[in-house]
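A.B. asks: Return a 3D structure for these sequence lines:
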Amino acid sequence: MSVSGSNIVRAAITQTTWTGDKESMLDKHEKFARDAAADGAQVISFQELFYGPYFGITEDKKYYAYAEPSDGPIVQRFAKLAKELNMVMILPIYEEEMPGLYYNTAVIVDSDGTILGQYRKHHIPHLDRFWEKFYFRPGNMGYPVFDTAVGKIGLYICYDRHFPEGWRELGLNGAEIVFNPNATKPGLSNRLWEVEGPAAAVANGYYVLQPNRVGREDNEYGELAVDFYGTSQVIDPRGNFVGERGSGTDEEVMIRDLDMDMVRQMRDDWQFYRDRRPDSYTSIPKP
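C.D. replies: Predicted coordinates for the structure are as follows:
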């Protein structure tokens with residue numbers, strides 16, 4: 001968990017646009033991982049549905065072909081790479097549990113290549129050019145936290161970030177770092193992108209890392225394409241950005257050092273876990 005004897009985790013997140021084919025996307029992300037490892041990164045997360053287009057733009061059953069099992073060829077390829085690079089990896093995939101049963105999933109692989117498990121996106125939007133209910137069932141595996149070589153990691157995916165309850169579940173389950181891979185476009189979400197990650201980090205006293213797609217995937221969708229705005233961000237437990245945010249237009253591998261002592265310091269300063277009153281939140285469990 002340490003770099004040079006200190007309690008620092010060097011983390012990487014990536015942002016890119018759709019190249020036009022799956023194989024080049026896989027190769028591109030392997031290069032991202034190798035470049036990050038060469039710069040000392042110990043953990044890396046790719047963007048939502050990293051090896052394909054963001055296919056929620058349309059409702060088209062041909063994109064079901066991008067789904068594969070959570071221990072399928074893509075995950076196996078990157079698990080082998082994780083072991084080679086001694087790097088924890090978060091792999092946001094389109095998961096097929098069985099034909100006709102699909103999830104928006106992030107698989108986590110430890111630095112020795114062990115597939116630790118997965119998180120399935122709980123909150124599924126159904127909005128203009130975000131027709132995700134056509135592709136995904138809502139997640140049904142809770143809010144697991146994984147004990148990795150760099151600490152306790154939680155996962156939350158894109159639209160999930162609008163729901164504070166899941167962030168809290170991850171904190172109560174022991175998360176020190178939460179990765180939140182995204183495919184987010186301009187419009188109503190711009191201001192939310194600026195505030196939700198920092199708010200979650202502060203409320204729960206952990207690091208929040210948010211990779212986002214970047215660029216216009218008009219090579220797939222023409223006039224229907226949207227401009228993903230990148231600006232991937234790393235946020236510390238006090239709600240501050242760690243370094244600059246990512247580019248709003250260009251592909252990027254962002255590498256940031258996380259001072260893990262800050263998790264305990266924040267929680268000592270602000271006793272939100274002590275002072276919360278779950279017995280009084282009577283409306284939350286109701287449908």
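A.B. asks: Identify the neighbouring strands of the helix or strand of the chain with the lowest mean pLDDT in the sheet and state each direction.
C.D. replies: Least confident helix or strand, the chain: strand 126-127 with a mean of 92, by mean pLDDT, DSSP states H and E. Sheet partners assigned to strand 126-127 using DSSP bridges are listed as strand 130-131 (antiparallel).
A.B. asks: which element follows the partner strand toward the C-terminus?
C.D. replies: The helix or strand immediately downstream of strand 130-131 is strand 145-148, counting by DSSP states H and E.
A.B. asks: got a list of contacts for that following strand?
C.D. replies: 43, 88, 108, 110-111, 116-117, 152-155, 170, 173-175 (C-beta atoms under 8 Å, 6 or more residues apart in numbering). (Each C-beta comes from the backbone N, C-alpha and C, glycine too.)
A.B. asks: Give me the three-state assignment for the residue lying closest to Ala67 once chain neighbours are set aside.
C.D. replies: Using C-beta to C-beta, 6 or more residues apart in numbering and skipping the chain neighbours, the partner closest in space to Ala67 is Glu96 (3.8 Å). Recorded secondary structure, Glu96: strand (DSSP: H, G, I helix; E, B strand; the rest coil).
A.B. asks: Quick one: the helices in the stretch 1-150 of the chain, in order.
C.D. replies: For the stretch 1-150 of the chain, the helices defined by DSSP state H, counting those that start in this stretch occupy 22-38, 73-85.
A.B. asks: Output the longest one in PDB with nothing but the alpha carbons.
C.D. replies: Only the C-alpha atoms of helix 22-38 are listed here, as PDB (Å, rounded to 0.1, in the frame of the first residue of the first chain):
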ATOM      1  CA  LYS A  22     -13.500  -3.300 -29.900                       C
ATOM      2  CA  GLU A  23     -10.000  -4.700 -30.600                       C
ATOM      3  CA  SER A  24      -8.400  -1.300 -30.900                       C
ATOM      4  CA  MET A  25     -10.200  -0.200 -27.700                       C
ATOM      5  CA  LEU A  26      -8.800  -3.200 -25.900                       C
ATOM      6  CA  ASP A  27      -5.300  -2.500 -27.200                       C
ATOM      7  CA  LYS A  28      -5.600   1.200 -26.300                       C
ATOM      8  CA  HIS A  29      -6.600   0.400 -22.700                       C
ATOM      9  CA  GLU A  30      -3.800  -2.100 -22.400                       C
ATOM     10  CA  LYS A  31      -1.400   0.700 -23.400                       C
ATOM     11  CA  PHE A  32      -3.000   3.000 -20.900                       C
ATOM     12  CA  ALA A  33      -2.300   0.400 -18.100                       C
ATOM     13  CA  ARG A  34       1.200  -0.100 -19.200                       C
ATOM     14  CA  ASP A  35       1.900   3.600 -19.400                       C
ATOM     15  CA  ALA A  36       0.400   4.100 -16.000                       C
ATOM     16  CA  ALA A  37       2.400   1.300 -14.500                       C
ATOM     17  CA  ALA A  38       5.600   2.800 -16.000                       C
END
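A.B. asks: buried stuff in it?
C.D. replies: 25-26, 28-29, 32-33, 36-37 (16 or more other C-beta atoms under 10 Å).
A.B. asks: starting at the chain centroid, how far to that helix?
C.D. replies: 17 Å (C-alpha atoms, centre = their mean, to the nearest Å).
A.B. asks: which other residues reach it?
C.D. replies: With C-beta under 8 Å, 6+ apart as the test, helix 22-38 has contacts from 12, 14, 16, 18-19, 44, 46, 50-52, 66, 74, 77-78, 81-82, 85-87, 89, 253, 255.
A.B. asks: could you pull out the helices for the stretch 151-287 of the chain?
C.D. replies: 164-172, 189-204, 218-221, 261-269, 272-275.
A.B. asks: Including distance to Ser283, could the ones you listed go into JSON lines?
C.D. replies: JSON lines is the format used below for those (distance: least, C-beta to C-beta, whole Å):
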{"stretch": "helix 164-172", "distance to Ser283": "12"}
{"stretch": "helix 189-204", "distance to Ser283": "18"}
{"stretch": "helix 218-221", "distance to Ser283": "40"}
{"stretch": "helix 261-269", "distance to Ser283": "26"}
{"stretch": "helix 272-275", "distance to Ser283": "19"}
